[in-house]
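Visitor: Structure for the following, please:
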Amino acid sequence: MKSKNKKPAADYRHLKRKITLGILLLLLGSFALTALVYFLVLRGRANVWAVNILVTFFNGDYHRAESFYFEISQYKVLIMTGASLLIFVVSLPFFVSRITGYFKAINDGIDALNSPEDEIRLPQDLAAVERTLHSVHAKMIGQTAETKLLEQRKNDLIVYLAHDLKTPLASVTGYISLLLDGEDIPEELRLKYLHIVREKADRLEELIDEFFEIARYNLSDIKIRCGSINLTRLLEQLVFEFKPMLAEKNLSCRLSAGEDLRIECDADKIQRVFDNLLRNAVLYSFPDTEIFVCARELENDFEITFQNSGDTIPADKLERVFEQFYRLDSARSAKGGAGLGLAIAKRIVELHGGSITAQSENETTVFTVLLPKNQSDANEV
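Guide: A predicted model of the protein is given here:
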């Protein structure tokens, strides 16, 4: 951090020296001008000229004028000091106007921050301020572009979800019509139709939940309340709850964890992280494959990994999977969520002082979560 501040600090010291030197030069100039007047008027041949001027004020009395001249000459130090200060005070506003010019230039530079087409240019003496304003300007442009991108993604997702709502809704309406209109539908077929209606209704509920999640989504609102939990039991319960979802694709899930791994965390929030990761693994796994969940204790952290076999995620897309409202492609959007699960998971893990990463190669994808063993150590870091 110190190295970054050396250049601006040097620039400000230069400006400080320049202002101080300017004030000193102004003061010295005032004394120099007064001394020049003294040597010209109070000494040398100019004495006679000065006395002749005073004669006019004493109605032609040369003796009184000469006496007055020599009398005031005795206070030459006081006169010179007063004259110098007077010259300094009269000249000071011209110097101050230069200083206020700096403030005006800075104000114009700040105004230019709100106008992308305006170029920020400050005097050479304010080079450090100009660099700072350029840096702020660049950040503002980046944040504006990121905000627009997030808003566009959010709008696109709403369009996708609204479109997706029509498909299950049309199915529900269609099969209900068949059930109502069909008088002699076999029991087996009727149950099949009802099962399809139930599936489509569940999908509708999921999509509506995603709408609500998008509407209320705000990472800054996430708060954690930590307590000691059994990490092993949490993962065992999670795997058990996913059995119906695993069975739909004929998947198996193998858990490898210590007998009694204890960790300080917000149990509900961490469960949501693991739920999102395991749900992703199920959604994007090849049928008839195995998902491998592993939790192991490191020196200062716990490492939890979720590994599944599925299409390899390209490197450029892998870097963005934790971004808000980002989904890999439109093909996956039909079975994926609102593009918030991994972004929320990352935020929760970071609030715990941990990290989450993703790797994908050779049709194997691994998400790795690192969580500190206790939150007191995490907060100190």
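Visitor: what domains does the record give for the chain?
Guide: Following the assignment in automatic domain parsing, the chain carries domains at 2-121, 142-216, 221-380.
Visitor: sec struct for the nearest residue to G354 once chain neighbours are set aside, please.
Guide: In this structure, G354 finds its nearest non-sequential neighbour in L371, 4.2 Å apart by C-beta to C-beta, 6 or more residues apart in numbering. In short, each C-beta sits where N, CA and C put it, glycine included. Put simply, L371 is strand when judged by DSSP: H, G, I helix; E, B strand; the rest coil.
Visitor: which residues does L371 contact?
Guide: Neighbour list for L371: I263, C265, I270, D301, F302, I304, V349, H352, G353, G354 [criterion: C-beta atoms under 8 Å, 6 or more residues apart in numbering].
Visitor: returning to what we had before: ranking the domains of the chain by mean pLDDT, which is last?
Guide: With a mean of 68, domain 2-121 has the lowest mean pLDDT of the domains of the chain.
Visitor: which residues in this protein form strands?
Guide: 227-230, 252-257, 262-265, 290-297, 301-309, 355-361, 364-372 (DSSP state E).
Visitor: Looking at the ones you listed, which is nearest to T100?
Guide: strand 355-361 (50.1 Å; C-beta to C-beta).
Visitor: Can you list the buried residues in that closest one?
Guide: I356, A358, S360 (16 or more other C-beta atoms under 10 Å).
Visitor: Please list all residues in contact with the closest residue to N250 other than its chain neighbours.
Guide: Sequence neighbours aside, D288 is the residue nearest to N250 in space, at 4.9 Å (criterion: C-beta to C-beta, 6+ apart). By C-beta under 8 Å, 6+ apart, D288 lies in contact with K249, N250, L251.
Visitor: pretty sure the second one contacts P287?
Guide: Yes - in this structure, N250 sits in contact with P287. The criterion is C-beta atoms under 8 Å, and the distance is 5.6 Å.
Visitor: Identify the contacts common to those two.
Guide: Residues touching both N250 and P287 (C-beta under 8 Å, 6+ apart): none.
Visitor: For this structure, just list every one of the helices.
Guide: All helices of the chain, identified by DSSP state H, fall at 2-37, 46-57, 62-73, 76-113, 127-181, 187-216, 231-241, 243-248, 267-283, 315-318, 330-333, 341-351, 375-380.
Visitor: State the distance from V55 to A281.
Guide: 110 Å (C-beta to C-beta, to the nearest Å).
Visitor: So which of these two has more stuff around it?
Guide: Shown here are V55 and A281; by other C-beta atoms under 10 Å, A281 has more neighbours (25 against 18).
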